[in-house]
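1. Need coordinates for the below:
(one chain, ligands or ions: 1)
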Amino acid sequence: MNNPAPSRRKFLKGALAAAGVTYISSRTGFARQAQPASPASPHEKLAQFRYREVKLTGGPLKDQFDRVHKAYLTLNEDQLLKVFRQRAHLPAPGEDMGGWYDAEAFAPGHSFGQYVSGLSRYYDATGDEATRAKVKRLVEGYTATVDTDGYGYASLKASTTFPAYMLDKNLIGLLDAYQFGDVPSALDTAQRVLRGSLRYLPPRALERDEDPRQMPYDESYTLPENFFYAYELTKDRQFFDLANQYLMDRTFFEPLARGQNVLAGLHAYSHVNAQSSAARAYLHVGNPMHLDAIRNTWEMLEKTQEFASGGWGPNETFVVPGKGLLGESIDTSRAHFETPCGAYAHFKLGRYLLRFTGDARYGDGIERVLYNTVLGAKDPKGDGYFFYYSDYHPSTQKGYHPDKWPCCSGTLPQAVVDYLINIYFRSSDGLYVNLFVPSEVTWDLQGAPAKLIQTTSYPESDSSELKLELPSPADFTVFVRIPGWLQAPAQLSVNGKPISVPAEPHTFAAIRRQWRNNDTVQVKLPFTFRTEPVDELHPQLVALMRGPVMLVALTPEIKLPTRAVAQGELKLTSHATPSFELQTPQDRVRFVPFYTVKDEIYTTYVVSA
Ligand SMILES: [Zn+2]
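-> Just a heads-up that it's a prediction; the model follows:
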């Protein structure tokens, strides 16, 4: 053979280099400086791709991805910087932001760093020059307000009521601006602000109500994630030590690791977000306790906290398991899932678990939350109003949070740009297809670019085609996630010919062969309808699912004949916007995916008959 296939070792080499590389994202000429690559963590089975290596090419995810990008490009920079400039006694033109954001408001300047973070990731993803320029102006504008002692809060109120929360969000903005936004100076600002904030922090991570001297809503238990991130980029041991100092091990991660469900009653989003701190600790320190903690947390979420959408935490609080509280919340609450924040934290946790274990169930969870929560978020309204709660109350409508610039305005762009890094993963011996999305991924195969192009209209259709563009034939494995919700066998073909490989639900099917240019893989994951009860004490209160998608009824107060559902008597009425009709004894009922609902009145949980 005059064109020998590269060995799997070669795939491994490329994968590991990409997994651990710290790079300066210099878009100008794409002169990616080969920074000394930190070795990939030995704890990772799978590695994440970079934003720029994945492209969305169509479908509802891309539509939202583009709309959100555009919305955040229009943020007024003077307004965003105003609180910081006022505090630094600099000229501060522009209107006040209003809502949560102003100097004496609920959370002064809280989301600034998250907007910078989201835009930085969007720059890495798109290479859009206007995005880079905006990130640079925001970081430089902010840096000009930081005191010589590193004080970088928006106001005295910010540093005394939310010292940890504000530092956490400022840090992610500055570190992402350095890592993804092509703003080298952001790293210096990040280090100054981190050091300048330490005197405001409690000596260790505190629970929300643990110390009366601490303001009740601060979240010092989420700090280690970004302290580890600062350590990764600077190699400064002080940040590594600080990260370990703020791990809430004794009261949170250790009991979770022992399988003790200590979630009930806790603030939901921030305690899922805190799982990323344990995950980052496992990546760097390797204590199996932290891996056990995050695995068990995921399991507890799935078994005791999640609605059919994958969302959790009615009224932003974890429920006591086994008491039927999710079911009760359907009628008593309209705040069922804090959507952009919760999805952002859920994706991060799911990706860490995928990376550490390679277990497909975490891909299932990412898929469920993506299609049924944040993809259904209303677009930013343009004047500071944002979608916040998914509401599963009967006969309801999607709406906006009553206050301008809430926390979810900060996590929305982060969660949506992160769609890119949820889709594909790589390992020592191949490429993992985790989500079925019209998209492309590019990687390095023996020094030449290789590409996988995915064509699909999933989740409106139940099939997808993967096409490989390779510089030369190569031996590796294409891993395809076989979802846990499947009720009929998955069908896999290569170049149109059915293949027989194990393809059990909850696993990745491994298609190992010598791949050639233009080889294709056809994936069919037959969709069926099924119902899922809200909890074990309310078996009659169900949501209707089709494959990964949660459908909601556009006709209120219906009884759902579950036998008809099981017999597949729902009829597809429209392909353009998927819509299904069911003839019930009383009425014809129309169901649509939650993510397609705009201003219609909808009902998520219906009574099965
Ligand atoms: Zn939020």
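2. Please look at R137 and E77 and confirm they touch.
-> Yes - taking contact to mean Cβ atoms under 8 Å, the distance of 5.8 Å between R137 and E77 places them in contact. The C-beta positions use only the backbone N, C-alpha and C, and glycine is treated the same way.
3. The ion contacts on this structure?
-> Residues of the chain that fall close to the ion, judged by Cβ under 5 Å from the ion: E338, C341, C407, C408.
4. export these to JSON lines and tack on neighbour count, pLDDT and secondary structure?
-> Formatted as JSON lines, those follow (neighbours: other Cβ atoms under 10 Å; pLDDT from 0 to 100; DSSP: H, G, I helix; E, B strand; the rest coil):
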{"residue": "E338", "neighbour count": "30", "pLDDT": "98", "secondary structure": "strand"}
{"residue": "C341", "neighbour count": "28", "pLDDT": "98", "secondary structure": "helix"}
{"residue": "C407", "neighbour count": "23", "pLDDT": "98", "secondary structure": "helix"}
{"residue": "C408", "neighbour count": "27", "pLDDT": "98", "secondary structure": "helix"}
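5. doesn't F476 make contact with D429?
-> Yes - look at D429 against F476 with Cβ under 8 Å: they come within range, at 6.1 Å.
6. Mind checking which of those two has more residues around it?
-> Between D429 and F476, counting by other Cβ atoms under 10 Å, F476 is the more crowded of the two (28 against 16).
7. what mean pLDDT does the helix or strand harbouring the more buried one have?
-> Under DSSP states H and E, the secondary-structure element containing F476 is strand 474-482. Averaging the model's pLDDT scores along strand 474-482 yields 97.
8. May I have the strands that pair with the following helix or strand past it, each with its orientation?
-> Towards the C-terminus, the helix or strand next in line after strand 474-482, according to DSSP H and E, is strand 491-494. According to DSSP bridges, strand 491-494 has the following sheet partners: strand 497-498 (antiparallel), strand 520-524 (antiparallel).
9. just the helices in the stretch 501-609 of the chain please.
-> Ranges of helices in the stretch 501-609 of the chain, per DSSP state H, counting those that start in this stretch, are 562-566.
10. Tell me where the model's unsure across it.
-> Across the stretch 501-609 of the chain, residues meeting the criterion (pLDDT under 70) sit at 556-557, 562, 566-568, 575-576, 585-586.
11. residue ranges for the strands of it, please.
-> 507-515, 520-524, 529-533, 541-546, 549-553, 559-560, 571-574, 579-583, 588-593, 606-608 (DSSP state E, counting those that start in this stretch).
12. in the second one, what counts as buried?
-> Same thing as strand 520-524. Burial within strand 520-524, assessed by neighbour count using 16 or more other Cβ atoms under 10 Å, is assigned to V521, Q522, V523, K524.
13. mind saving the C-alpha coords of that strand as PDB?
-> The C-alpha coordinates for strand 520-524 follow below in PDB (Å, rounded to 0.1, in the frame of the first residue of the first chain):
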ATOM      1  CA  THR A 520     -20.500   8.300   5.100                       C
ATOM      2  CA  VAL A 521     -22.300   6.900   8.200                       C
ATOM      3  CA  GLN A 522     -26.100   6.900   8.300                       C
ATOM      4  CA  VAL A 523     -27.700   7.000  11.700                       C
ATOM      5  CA  LYS A 524     -31.400   6.300  12.400                       C
END
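14. In a markdown table: the strands of the stretch 501-609 of the chain, plus distance to D359.
-> Rendered in a markdown table, the data for the strands of the stretch 501-609 of the chain read as follows (distance: least, Cβ to Cβ, whole Å):
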| stretch | distance to D359 |
| --- | --- |
| strand 507-515 | 8 |
| strand 520-524 | 19 |
| strand 529-533 | 21 |
| strand 541-546 | 22 |
| strand 549-553 | 22 |
| strand 559-560 | 33 |
| strand 571-574 | 33 |
| strand 579-583 | 32 |
| strand 588-593 | 27 |
| strand 606-608 | 31 |
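15. among those, which is the most enclosed?
-> Mean neighbours per residue, mean count of other Cβ atoms under 10 Å, is largest over those for strand 549-553, with a mean of 25.
16. what packs against it?
-> In this structure, strand 549-553 packs against helix 360-372, strand 541-546, strand 588-593, with contacts taken as 3 or more Cβ pairs under 8 Å, 6 or more residues apart in numbering; DSSP states H and E.
17. from what I can see V592 touches V552, true?
-> Yes - if you go by Cβ under 8 Å, V592 and V552 touch, sitting 6.6 Å apart.
18. hey, what's in contact with both of those two?
-> Any residue near both V592 and V552 by Cβ atoms under 8 Å, 6 or more residues apart in numbering counts here, and that gives Y602.
19. Flag the shaky bits of the stretch 1-150 of the chain, pLDDT-wise.
-> Judged by pLDDT under 70, the stretches of the stretch 1-150 of the chain that qualify are 1-40.
20. Can you name the residue of it nearest the ion?
-> The nearest approach of the stretch 1-150 of the chain to the ion comes at S111, 9.5 Å away (Cβ to the ion).
21. okay, now that residue: neighbour count?
-> 28.
22. Not counting sequence-adjacent ones, nearest residue to it?
-> With sequence-adjacent residues excluded and distances taken as Cβ to Cβ, 6 or more residues apart in numbering, S111 is closest to G410, at 3.5 Å.
23. Would you double-check that the one you found falls in a strand?
-> No - with DSSP: H, G, I helix; E, B strand; the rest coil as the criterion, G410 is helix rather than part of a strand.
24. residues contacting it?
-> By Cβ under 8 Å, 6+ apart, G410 lies in contact with H110, S111, G113, Q114, Y115, G118, K169, C341.
25. For the residues of the chain next to the ion, name the two members farthest from one another.
-> Comparing every pair within those by Cβ to Cβ identifies E338 and C407 as the most remote, at 7.9 Å.
26. and for those two, which residues touch both?
-> Here E338 and C407 have Y269 as joint contacts, going by Cβ under 8 Å, 6+ apart.
27. still on that earlier bit, I'd say the residue of the stretch 1-150 of the chain closest to the ion and Y101 touch.
-> Yes - with contact taken as Cβ under 8 Å, S111 and Y101 are classed as touching, separated by 6.9 Å.
28. Mind listing the shared neighbours of these two?
-> Both S111 and Y101 are in contact with W405, where contact means Cβ under 8 Å, 6+ apart.
29. Of the helices and strands packed on strand 549-553, give the one that comes closest to D218.
-> The closest approach between D218 and any of the helices and strands packed on strand 549-553, judged by Cβ to Cβ, belongs to helix 360-372 at 26.1 Å.
30. Next secondary structure element downstream of that closest one?
-> Scanning onward from helix 360-372 (DSSP H and E), the first element met is strand 389-390.
31. which other helices and strands contact that following strand?
-> Using 3+ Cβ pairs under 8 Å, 6+ apart as the contact criterion, the secondary-structure elements in contact with strand 389-390 are strand 337-338.
32. which strands and helices sit next to the strand it packs on?
-> For strand 337-338, the helices and strands in contact under the criterion 3+ Cβ pairs under 8 Å, 6+ apart are strand 389-390.
33. list the contacts for C408?
-> The neighbours of C408, taking Cβ under 8 Å, 6+ apart as the test, are E338, T339, P340, C341, F386, F387, Y388, H401.
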